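**Q** quick one, what's the 3D model for this:
(chains A, B, C and D)
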There are 2 protein chains.
Amino acid sequence: MATLGAMALPSEPSGERLPATAWAVLGILSFGEGLTGYEIRQWAEHILRFFYWSPAMSQIYTELKRLERVGYAESHMGTAADGRSRRVYTITPAGRDALAGWVERAPVEPPVLKHGTALRVWLGHLATPERLRQIVTEHRDDAQRLLEEAEYSRTYAASVSGWAYPELVARWATRYYAAERDLADQMLADLDELLASGRAVPPAGTPTQAPG
Amino acid sequence: MATLGAMALPSEPSGERLPATAWAVLGILSFGEGLTGYEIRQWAEHILRFFYWSPAMSQIYTELKRLERVGYAESHMGTAADGRSRRVYTITPAGRDALAGWVERAPVEPPVLKHGTALRVWLGHLATPERLRQIVTEHRDDAQRLLEEAEYSRTYAASVSGWAYPELVARWATRYYAAERDLADQMLADLDELLASGRAVPPAGTPTQAPG
DNA sequence: ACAACATATTCCAATTTGGAACATCTTGGT
DNA sequence: ACCAAGATGTTCCAAATTGGAATATGTTGT
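**A** Residues are numbered from 1 along each chain as shown, chains lettered A, B, ... in the order given. I've put the predicted structure just below:
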């Protein structure tokens, strides 16, 4: 509020360098008019988590303050149905421009993947076959559950007018988690085959009972 | 070295709480005898990056110091073919035990995914159709490239005796990136269909030339 | 001699995360 | 009325994590 606001300031050079997290928050703001930090977190949990982000509260509030500082969002104190006061954030025209500019011009980073299941199978020489099966099976079930949740998200998006792109991405997410589930099944089959073949020997340097 | 070393100290309680990054570094050490931080980074770039991690140098050295502090790795100064001195790290028996215990007992975190392409398509109402196509097409090509690199990694792993699990995970990675490529193709088809249908209207609150 | 590149390590400033802590209001039960 | 539990709403802090610059030294090619 006490900042410079959205008046002109053509293409803030610093603006294009916000972390992706800030753009994600601004993206959520671009869908709804007037959201609290708490509500933004809920939106993120509903949709964004399938393909981008499972946010920490602290970060949402940090980013909202930053967005307001650079004039991409503005806030005012509102009153909830309760009567409690809360800070409601809205995207500014400058923010919408900057966000569109980011989508249009910023290079797309490669996807970041941290796959704990794959990491453990990679270390399979240190685990029991039962444990490996258990890990992959749990992952398979998680993927199936996420597939169903993404399917629900897709159905919901389909019911909202103007949400064609969220619906499209939710459809992508359902296919992604279906693929994850199938990949887990194939990994289980590969594991079984490996154990049956007797080639599951540890790498050199690993102490063994009997030499290979 | 000057630390307590691997002598007994049965099941350090703090040990089980190392960040996943530390276990990944220790995992690399569990494959080869005696690696420098630099070499560990190369291994990570060869294999780990497909499913877990693209490491920062600084973090590898940080983790190595931590692992040595808790007795899971030890180092000695060695001499490279050059004649230059370098610090070579080795996993200790305690480290191998702890790593096996982590694989066996630590709960598996859900995969972390940050998919910049999906994020931008989700904000499709702010972009031109051409830009969206470009973003998804680039992602498709990246996936194809990673598929080929993972295939190479798989071939290499297959040639090393005792690397059955790395090979298995590399096979999983090739399938994963093939799926990513196919998912991108389906997303392109969905985008084309959406644009042809004329339903690509922005969400409420977005200023438009003509009202829906 | 020089540039370019590979090896090897350290340092620093941000970003990002997870969670605790602190409120307030609603709902439901005793 | 009292209490617990849970949803809403926000702030704070300590780590973990990242990216990259900075600093060396050796090799190879020009």
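**Q** which non-adjacent residue is nearest residue A:66?
**A** By the measure of C-beta to C-beta, 6 or more residues apart in numbering or on different chains, the closest residue to residue A:66 outside its immediate chain neighbours is residue A:22, 6.1 Å from it. From N, CA and C alone the C-beta is placed, and that goes for glycine too.
**Q** and if you look at residue A:195?
**A** The shortest distance from residue A:195 to any residue that is not its chain neighbour, by C-beta to C-beta, 6+ apart, is 5.3 Å, and that residue is residue A:129.
**Q** number of residues surrounding the one you found?
**A** Number of residues near residue A:129 (other C-beta atoms under 10 Å in any protein chain shown) recorded here: 13.
**Q** state the helix or strand in which the residue of chain A found nearest DNA strand D lies.
**A** DNA strand D sits closest to residue A:58 of chain A, with a gap of 2.6 Å, by C-beta to the nearest atom of the strand. The secondary structure element spanning residue A:58 is helix A:57-69 (assigned by DSSP states H and E).
**Q** just to revisit the earlier point, what's the burial count for the residue nearest to residue A:66?
**A** Here the count is done by other C-beta under 10 Å, and residue A:22 has 23 residues near it.
**Q** next, it: phi, psi?
**A** phi -60, psi -40 (degrees, to the nearest 10).
**Q** who's in contact with it?
**A** Residues in contact with residue A:22, defined by C-beta atoms under 8 Å, 6 or more residues apart in numbering or on different chains, are A:63, A:66-67.
**Q** those residues into JSON lines, with extra columns for pLDDT?
**A** JSON lines is the format used below for those (pLDDT from 0 to 100):
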{"residue": "A:63", "pLDDT": "93"}
{"residue": "A:66", "pLDDT": "92"}
{"residue": "A:67", "pLDDT": "94"}
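**Q** run the contact check for the helix or strand of chain A with the lowest mean pLDDT versus DNA strand C.
**A** Taking mean pLDDT, DSSP states H and E as the measure, strand A:73-79 is the helix or strand of chain A with the lowest mean score, a mean of 89. No. Applying C-beta under 7 Å from any atom of the strand, one finds that strand A:73-79 is not in contact with DNA strand C, the shortest distance being 9.7 Å.
**Q** stretch A:112-127 too?
**A** No. For a cut-off given as C-beta under 7 Å from any atom of the strand, stretch A:112-127 has no contacts with DNA strand C; the smallest distance is 8.7 Å.
**Q** residue ranges in chain A under the pLDDT threshold?
**A** For chain A, applying pLDDT under 70 flags the ranges A:1-16, A:201-212.
**Q** mind listing the strands for it?
**A** For chain A, strands defined by DSSP state E occupy the ranges A:73-79, A:85-91, A:112-114.
**Q** so what's residue A:140 up against?
**A** Residue A:140 is in contact with A:181, A:184-185, A:188, counting by C-beta under 8 Å, 6+ apart.
**Q** run the chain-centre distance for stretch A:128-138.
**A** In terms of C-alpha atoms, centre = their mean, to the nearest Å, the gap separating the centre of stretch A:128-138 from the centre of its chain is 26 Å.
**Q** need the residues that contact that stretch.
**A** Applying C-beta under 8 Å, 6+ apart, the contact partners of stretch A:128-138 are A:117, A:120-121, A:124, A:127, A:184, A:187-188, A:191, A:195, A:200, B:103-104, B:108.
**Q** got the residues you listed as CSV, with neighbour count columns?
**A** Compiled in CSV, the contacts of stretch A:128-138 are given as follows (neighbours: other C-beta atoms under 10 Å in any protein chain shown):
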residue, neighbour count
A:117, 27
A:120, 25
A:121, 24
A:124, 23
A:127, 20
A:184, 23
A:187, 25
A:188, 16
A:191, 21
A:195, 15
A:200, 17
B:103, 24
B:104, 16
B:108, 17
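**Q** quick one, phi psi at residue A:71?
**A** Phi and psi for residue A:71, reported as degrees, to the nearest 10, are phi 90, psi 10.
**Q** what do you get for residue A:32?
**A** Geometry field for residue A:32 lists phi and psi as phi -120, psi 150, criterion degrees, to the nearest 10.
**Q** my guess is it contacts residue A:47. True?
**A** No. Assessed by C-beta atoms under 8 Å, residue A:32 is found out of contact with residue A:47, at 11.8 Å.
**Q** and these two? which has more neighbours close in?
**A** Neighbours around residue A:32 and residue A:47, counted as other C-beta under 10 Å, are more numerous at residue A:47. The numbers are 24 against 16.
**Q** contact partners for the nearest residue to residue A:59 once chain neighbours are set aside?
**A** If you skip the residues right next to it in sequence, residue A:59 has residue A:21 as its closest partner in space, 6.2 Å away by C-beta to C-beta, 6+ apart. Counting by C-beta under 8 Å, 6+ apart, residue A:21 makes contact with A:53, A:55, A:59, A:63.
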